[in-house]
Structures are given as C-alpha cells and as structure tokens.
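K.L.:
Curious how this folds, go ahead:
(2 chains)
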2 protein chains.
Amino acid sequence: MRQKINIQMNRRFFEDLKVGDRFKSQTYEVTEEQIISFAREFDPQPFHLDRAVADKTMFKELIASGWHTAAITMRLFVQTLNFAEGAIGLGVDELRWPTAVKPNDVLQVETEIVDLRESQSKPSHGIVRLRYVTTNQRGDIVQTMYASALVLRRKR
Amino acid sequence: MRQKINIQMNRRFFEDLKVGDRFKSQTYEVTEEQIISFAREFDPQPFHLDRAVADKTMFKELIASGWHTAAITMRLFVQTLNFAEGAIGLGVDELRWPTAVKPNDVLQVETEIVDLRESQSKPSHGIVRLRYVTTNQRGDIVQTMYASALVLRRKR
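P.N.:
From the prediction side, this is the model:
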C-alpha cells in the first residue's frame, strides 16, 4: 500500500508544473540497425535505408528519418515526466531537424514548460505548452519543437 | 537499360511539380498489435499500450500514438511521390491530431503542393511546401500538417 501511495505521489499533475521548469531526459543511443528498421517501415528513402547509397548524398552517410528522431524524443520525454494518466498530445508546431541523426548518436532531450492554462472543454485537465530541444553527444541540436498536451488536474 | 530509363523518367523532380497539384496515397490498415508495438518502443503511455486501461480513459479504447500516425503518413507519402533522390525534410508546422487512430483503422493521405521556391543555399534543389491531410475509413481527419522538403532539380 505504501508503495502504491509513493508511486502516485511521484506522478505529476497539472498543478505540479510551473512556467520555466526544465526537465532533462536520460540518454538514448541510436544504432544503424534501428535507423534502417524504422526507415523500412515508415520512411523508405535511400539515405535512410542503405549506407552505400547514403554515402553519395549530401549527408555523406546514413541518416535517421526525422520521424524517427521525433519518436525517440517522445520516448525520452515520456520516461522523464511521469504524468498521471499520461500527456495527451494536442499538436506540434515548428518541428525542425537542424542536424541529421547518424548511427551511434546518443540523444538527450531537454523540455521546458513555456505556458500553462486551464482547458475550457475539459475542466478535469490543463493544457501544457512545452518546448523540446533534442541534442546529440556533441551538443549539436538535432531537433526542436513546441508541443501542447492535456495533463490531468488534481481532484479538488 | 530501358527498364532503368523508365524508372528514372517516372521519378519526380522539382520542375515536375505545380502549386495546387494533389496526390492521393494508397491505404494502410493499422492493427492493434502495431499500435502497441510502436507505443512500447516510442510512446509508452497507458492509453497506447493496454486495452483494459485505455477503456477507462476519455478515449474509451486503445489509441495510436500521434507519432505513429505521423510515421504512417510519411510512409504513405513516400510511396505516393517518387522523388528523384528522395525528399529531405526541413521542418513541419501545425501538426494536429483532431481524431485518434484506433485499431483496424484504414488510413489514407492526401498531399497538396502549396508553395515552390528555389533554394538559396542549395541551387541543385528546390524547396517544396506541402499540406498533408490524413483520414480514416470514415473520412474523419486524423492528422493535418504542413511540411517543407528539399527536392532535386533537373540538371540543366
């Protein structure tokens, strides 16, 4: 029972967040095999699929699909912020990939709360606006975006 | 040799595109197994992972991660437009998920060219601005977005 209470206390609700709060994720290493496997299923373009072909493109080597980078960013974010009942994505703006992700890159995500407001349509939830910056092991920015999500409020 | 020439002729270059052109993709059925498998790897939140838990959320059933919907949209787009050397994603704006994707939904993407301009930094390429609308088998819109991509120009 105590275990259960602790887990619930660690869960974040809307009221636990403040504008300006920053959260740093764990790290995630992307392998060549994962890059090719994701691309085969979702983004079968030559520079994501085949090292020999990729070598001849402007990138000079195999690069990950931007959607793969976005999916890894989500994974790191979900692991970092333990929202009660999860965060329900409403939308994403200004998603950019300034540097390509390459095999054996180690990614990390920093998230900042940039806005908080009540939901008109769902009074049980609040709307959180977040800024995400994903970097590689050299500190190069591989992805930036803003996203809004519905997060549960504490029952009053 | 003729085969090779035909394939190359079918490939689209920047010059082959006109503002207002629309492209309809094939369809793609999303299974419950795929929804859970994507979520386990990239978006491990309860309403994407477990049907019993999802039944108790506002969605009343298991729903796909928005990033899964985005990845499927990319797959359908890549299959539809056969760009010479692929389309290099520069960024995405106004990505929205107005309706959740559920098991056995059949998705289809319509893409429209909304802007075309030359690349200042890469004269070999043009920049294509696209509007994507992804629908399910009932015609409900499950995702909309704008994206920009670099596409190869014909050599002159």
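
K.L.:
Let me see the contact set for A:Ala100.
P.N.:
Residues near A:Ala100 by Cβ atoms under 8 Å, 6 or more residues apart in numbering or on different chains: A:Phe59, A:Ile63, A:Ala64, A:Val142. For glycine as for every other residue, the C-beta is placed from the backbone atoms N, C-alpha and C.

K.L.:
Specify which member of those residues is nearest to B:Asp105.
P.N.:
A:Ala64 (26.4 Å; Cβ to Cβ).

K.L.:
in terms of contact, does that closest one touch A:Thr99 like I think?
P.N.:
No: checked against Cβ atoms under 8 Å, the pair A:Ala64 and A:Thr99 is beyond contact range at 10.9 Å.

K.L.:
Would you agree A:Leu107 is in contact with A:Thr134?
P.N.:
Yes: using Cβ under 8 Å, A:Leu107 is in contact with A:Thr134, at 5.7 Å.

K.L.:
These two: which is more packed in?
P.N.:
Taking neighbours as other Cβ atoms under 10 Å in any protein chain shown, A:Leu107 and A:Thr134 compare with A:Thr134 leading, 26 against 23.

K.L.:
Confirm that that one sits in a strand.
P.N.:
Yes: assessed by DSSP: H, G, I helix; E, B strand; the rest coil, A:Thr134 belongs to a strand.

K.L.:
and it, bridged to which residues?
P.N.:
Residues in a beta bridge with A:Thr134, per DSSP bridges, are A:Val109, A:Gln143.

K.L.:
same thing with A:Glu29?
P.N.:
Beta-bridge pairing of A:Glu29 under DSSP bridges involves A:Val106.

K.L.:
residues contacting it?
P.N.:
Per Cβ under 8 Å, 6+ apart, neighbours of A:Glu29: A:Asn104, A:Asp105, A:Val106, A:Leu107.

K.L.:
cool, A:Phe59 as well?
P.N.:
A:Phe47, A:Ala100.

K.L.:
on that earlier part again, which pair in the contacts of A:Glu29 spans the largest distance?
P.N.:
A:Asn104 and A:Leu107 (10.8 Å).

K.L.:
shared neighbours, these two?
P.N.:
By Cβ under 8 Å, 6+ apart, the residues touching both A:Asn104 and A:Leu107 are A:Glu29, A:Val30.

K.L.:
and the end-to-end length of stretch A:58-76?
P.N.:
Stretch A:58-76 has an end-to-end distance of 29 Å (criterion: Cα to Cα, to the nearest Å).

K.L.:
any idea how far stretch A:13-22 is from the chain center?
P.N.:
On the basis of Cα atoms, centre = their mean, to the nearest Å, stretch A:13-22 sits 17 Å off its chain's mean C-alpha point.

K.L.:
got it, and stretch A:93-113?
P.N.:
Computed by Cα atoms, centre = their mean, the separation of stretch A:93-113 from the middle of its chain amounts to 8 Å.

K.L.:
how about it: buried residues?
P.N.:
A:95-97, A:99-103, A:105, A:107-111, A:113 (16 or more other Cβ atoms under 10 Å in any protein chain shown).

K.L.:
Contact partners for the nearest residue to A:Asp93 once chain neighbours are set aside?
P.N.:
With Cβ to Cβ, 6 or more residues apart in numbering or on different chains as the criterion, A:Asp93 has its nearest non-adjacent residue at 4.6 Å, and that residue is A:Tyr146. With contact set as Cβ under 8 Å, 6+ apart, A:Tyr146 has these partners: A:Val92, A:Asp93, A:Glu94, A:Val114, A:Arg129, A:Leu130, A:Arg131, A:Tyr132.

K.L.:
Which members of these are the farthest-apart pair?
P.N.:
Using Cβ to Cβ, the pair of the contacts of A:Tyr146 lying farthest apart is A:Val92 and A:Val114, separated by 13.4 Å.

K.L.:
Comparing these two, which residue is more hemmed in?
P.N.:
Neighbour totals were compared for A:Val92 and A:Val114, and A:Val92 leads with 24 against 14 (other Cβ under 10 Å).
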